[in-house]
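Chemist: Turn this into a structure:
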Amino acid sequence: MSTPACSAYIRHLNAIHGNCIGGILLTASHNPGGQKEDFGIKFNSRNGGPAQEEFTNLVYTETTRISEFAVADFDFLSKVSLAEPGEYRFSSVQRAAKPVFTVKVVENVGLYINLMRELFDFEAIRGLLQREDFKMVLDAMFGAAGPYAKAVFG
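Modeler: The predicted structure is shown next:
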């Protein structure tokens with residue numbers, strides 16, 4: 001999901017269930033980290049927006065205390081299909097506190113496009129795109145925006 005789509009999904013979950021404290025976004029666009037500073041982590045809070053710096057500083061402090069971590073002992077992508085929504089439960093993780101975890105694959109394109117329809121006049125945009133004297137280039141953010149662009153323009 002793109003960052004704005006994640007934000008919309010967090011707000012959607014809170015509108016339906018009221019229990020989403022936020023979402024962790026693994027991204028190359030912000031907070032560079034990793035060996036080549038090509039990867040980062042963001043946390044969007046329950047309102048879908050970026051977490052306050054006070055919170056992220058506390059999280060960082062806690063990460064300096066990590067003494068161990070568990071890694072799933074299987075090929076994750078052979079067990080989870082990202083092609084369609086579904087829920088997958090795993091119990092082969094070596095951790096005492098919670099030996100079972102769930103991965104939920106969600107469809108977000110429709111939700112996000114419906115939000116965009118509330119904000120933008122798609123018919124007016126379609127009219128502009130159909131004009132002979134108008135040309136457009138779309139930057140799909142290295143693919144993150146690709147599924148949304150296909151749904152809008154495809």
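Chemist: drop to CA atoms for contacts and neighbour counts, all remaining ones
Modeler: Fine.
Chemist: If we ignore the residues flanking it in sequence, what's nearest V152?
Modeler: I113 (7.3 Å; C-alpha to C-alpha, 6 or more residues apart in numbering).
Chemist: Show me the strands in the chain, by range?
Modeler: 22-33, 39-45, 86-90, 101-105 (DSSP state E).
Chemist: Averaged pLDDT, the second one. What do you get?
Modeler: Just to be clear, that refers to strand 39-45. Across strand 39-45, the average pLDDT comes to 84.
Chemist: quick one: buried residues of it?
Modeler: K42, F43, N44, S45 (16 or more other C-alpha atoms under 10 Å).
Chemist: Which of those residues sits closest to A5?
Modeler: Of all those, N44 has the smallest distance to A5: 11.4 Å, by C-alpha to C-alpha.
Chemist: coming back round to it: state the pair within the buried residues of strand 39-45 that is farthest apart.
Modeler: Most distant of the buried residues of strand 39-45, by C-alpha to C-alpha, are K42 and S45, 9.7 Å apart.
Chemist: Let me see the domain layout of the protein.
Modeler: 1-67, 71-115, 120-154 (automatic domain parsing).
Chemist: Least reliable of those domains by average pLDDT, please.
Modeler: Ranked on mean pLDDT, the bottom entry among these is domain 71-115, at a mean of 81.
Chemist: how far is that domain from where the chain is centred?
Modeler: 13 Å (C-alpha atoms, centre = their mean, to the nearest Å).
Chemist: Tell me how many other residues crowd the residue nearest to V152.
Modeler: I113 has 16 neighbouring residues, counting by other C-alpha atoms under 10 Å.
Chemist: A149 is in contact with that one, correct?
Modeler: No - with contact defined as C-alpha atoms under 8 Å, I113 does not reach A149; the gap is 9.3 Å.
Chemist: Residues that sit against both of those two, list them.
Modeler: Common neighbours of I113 and A149 are not found (criterion: C-alpha atoms under 8 Å, 6 or more residues apart in numbering).
Chemist: Does the biggest helix by length in the chain pack against any helices or strands, and if so which?
Modeler: For the chain, the longest helix by residue count, based on DSSP state H, is helix 3-16. Helix 3-16 sits against strand 22-33, helix 109-119, with contacts defined as 3 or more C-alpha pairs under 8 Å, 6 or more residues apart in numbering; DSSP states H and E.
Chemist: residues in contact with stretch 53-65?
Modeler: Outside stretch 53-65, the residues touching it (C-alpha under 8 Å, 6+ apart) are F43.
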